[in-house]
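Enquirer: predicted coordinates and the sequence they were generated for:
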Amino acid sequence: MLYILPALIAALLIYSLIKKVDIYSAFTQGAYDALPMLVKILPCMAAMMVSINALRASGALEAFIKLISPILDKIGFPAELAPMFVLRPFSGSAAMSLLQDVFVNYGADTYLGFAASIMLGSTETIFYTIALYFGSVGVKRTRAAIPAAILSSIVGAAVAIILSRRRFA
């Protein structure tokens, strides 16, 4: 496993030598060709990051979690994981920092740490991915992509809780 990436790089170099391709020129041309796409998606990414930071800094996220806590208790979803579940569709880095908070406060080898780890691995940064991929090709109507992705995240979170409960029962 340790040698896969170096082997792929070596294979690429050998292949380019056989085909007599200038690797540096091909790389710089690819980077140059990607710049227009970056210019298209950068405003979407910046707007999303500013919104997430404003949501966390304003206390609105905590107020929202406090509001839905009774519902979460009734369905058996730990309120401590709700911030991660809410932010994960928007930002992977925010969800990772919340995972770190869970590890620090409750431990990595606890029910909450285990559930948070599974939840992070089985859900997706839906809106980031949609903005990146759909925005880069100019798709305005995502149709069923967002509802399907949200449903899959809910299922992923539910399975994380179920598996964690079985593990720690």
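Expert: Great, that's in hand. Residues are numbered from 1 along each chain as shown.
Enquirer: and the strand or helix carrying Ser152, what's buried?
Expert: Counting by DSSP states H and E, the element that carries Ser152 is helix 145-167. Residues of helix 145-167 classed as buried: Ala149, Ser153, Gly156, Ala157, Ala160, Ile161, Ser164 (neighbour count, 16 or more other C-beta atoms under 10 Å). The way it works is simple: take the backbone N, C-alpha and C, and place the C-beta from them, glycine included.
Enquirer: ok, Met49 - how many residues close by?
Expert: Met49 sits with 15 neighbouring residues when counted by other C-beta atoms under 10 Å.
Enquirer: likewise Phe134?
Expert: Counted with other C-beta under 10 Å, the neighbours of Phe134 add up to 17.
Enquirer: please apply the same query to Lys20.
Expert: Neighbour tally, Lys20, other C-beta under 10 Å: 6.
Enquirer: then Ile68?
Expert: By other C-beta under 10 Å, 13 other residues sit near Ile68.
Enquirer: run the chain-centre distance for stretch 78-96.
Expert: Relative to its chain's centre, stretch 78-96 lies at 9 Å (C-alpha atoms, centre = their mean, to the nearest Å).
Enquirer: buried set for it?
Expert: For stretch 78-96, by 16+ other C-beta under 10 Å, it's 78, 80-92, 94-95.
Enquirer: from those residues, which is closest to Asp22?
Expert: Nearest to Asp22, judged by C-beta to C-beta, of the buried residues of stretch 78-96 is Gly92 at 35.4 Å.
Enquirer: show the pLDDT at the closest one.
Expert: Note on Gly92: pLDDT of 87.
Enquirer: same check, this time on Val21
Expert: On the pLDDT scale, Val21 is placed at 90.
Enquirer: so how far is Phe134 from it?
Expert: Val21 is 32 Å from Phe134, where distance means C-beta to C-beta, to the nearest Å.
Enquirer: for Lys66, same thing?
Expert: In terms of C-beta to C-beta, Lys66 sits 33 Å off from Phe134.
Enquirer: again, but for Arg88
Expert: Distance of Arg88 to Phe134, computed by C-beta to C-beta: 19 Å.
Enquirer: same check, this time on Ser51
Expert: For Ser51, the distance to Phe134 - C-beta to C-beta - is 18 Å.
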